[in-house]
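Peer 1: Below is the sequence, then the predicted model.
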Amino acid sequence: MTTATNVEPATSPEAPTLSGAWSDVAFRLAGRVAALPNYDRGGFAGLRRMDPDEPDAAAFWRLMAEEELLGNPDIERKWGLILHGIALMTRTTGEDDIAGRSAHNGRMPVGRALHENGYSESRFNRLLTARDDMLRVLLARTFRMLAADDASFDWGEMAAFVLSQGYNDDRDEPLRRRIAREYYRAERRSSQQAKSQGD
């Protein structure tokens, strides 16, 4: 089994990066969560139901232990939010081609996914300027909204964003700008398409 032992310890505030191993961890976790309904429906439901501020689902602790991410309560809470969101956005029912689909889509930037799924600019601006507990609340709401639309996005990017909070503004701000760029690129594409169809 592949683990995160080749990266800095989970207790390190400098561990989260966008291009580093946390992106790989998020990808692996998304795959494992997508597989849970096949053999542990109760565990999967627990991830969806749990309070991400006080993660207590057995599946959460098991997944964290498998990735050797246990040890720092703050990091555990952040992974709780990430795993809660992944579980919410994992498609498990239906007869179409996305039933059983992972929440992770490495080709879909977070900002683009937000715009394409009707996330308003005012709501988006509140999300990008939020910090600490308010950001966690807004992200949890965002995950539920996107789940209702069967959306998926790059969970490596989202994991890096969540994990960077409260550690280093030099890492946090570039992640916020990246999300903003993709949101407004998607907005521009949408307006150009609407204009071309109207001509």
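Peer 2: Happy to help now that I have it.
Peer 1: Residue 191 belongs to a helix?
Peer 2: Yes. Checked against DSSP: H, G, I helix; E, B strand; the rest coil, residue 191 lies within a helix.
Peer 1: Can you tell me the number of residues neighbouring it?
Peer 2: By other C-beta atoms under 10 Å, 10 other residues sit near residue 191. Every residue, glycine included, has its C-beta placed from N, CA and C.
Peer 1: try residue 63
Peer 2: 22.
Peer 1: residues in contact with it?
Peer 2: Residues counted as contacts of residue 63 (C-beta atoms under 8 Å, 6 or more residues apart in numbering) are 29, 32, 33, 83.
Peer 1: from the middle of its chain, how far away would the helix or strand the first one falls within be?
Peer 2: In this structure, residue 29 is located in helix 21-39 according to DSSP states H and E. Centroid displacement of helix 21-39 relative to its chain, using C-alpha atoms, centre = their mean, to the nearest Å, is 11 Å.
Peer 1: Return the list of helices and strands in contact with it.
Peer 2: helix 41-49, helix 58-66, helix 73-89, helix 155-164 (3 or more C-beta pairs under 8 Å, 6 or more residues apart in numbering; DSSP states H and E).
Peer 1: Which of these has the highest mean neighbour count?
Peer 2: Ranked by mean neighbour count, the helices and strands packed on helix 21-39 are led by helix 155-164 with a mean of 25 (mean count of other C-beta atoms under 10 Å).
Peer 1: Also compute the angle for it relative to helix 21-39, please.
Peer 2: 110 degrees (axes from the mean of the first three to the mean of the last three C-alpha atoms, to 10 degrees).
Peer 1: Now name the helix or strand holding residue 141.
Peer 2: helix 132-148.
Peer 1: What residues sit buried inside the helix holding residue 29?
Peer 2: For helix 21-39, burial by neighbour count (16 or more other C-beta atoms under 10 Å) applies to 21-30, 32-34, 36-37.
Peer 1: Report the mean per-residue pLDDT for the strand or helix carrying residue 195.
Peer 2: Assigned by DSSP H and E, residue 195 belongs to helix 169-198. Regarding helix 169-198, the rounded mean pLDDT is 89.
Peer 1: right, and residue 78 touches residue 161 too?
Peer 2: No. Under the criterion of C-beta atoms under 8 Å, residue 78 is not in contact with residue 161, lying 10.0 Å apart.
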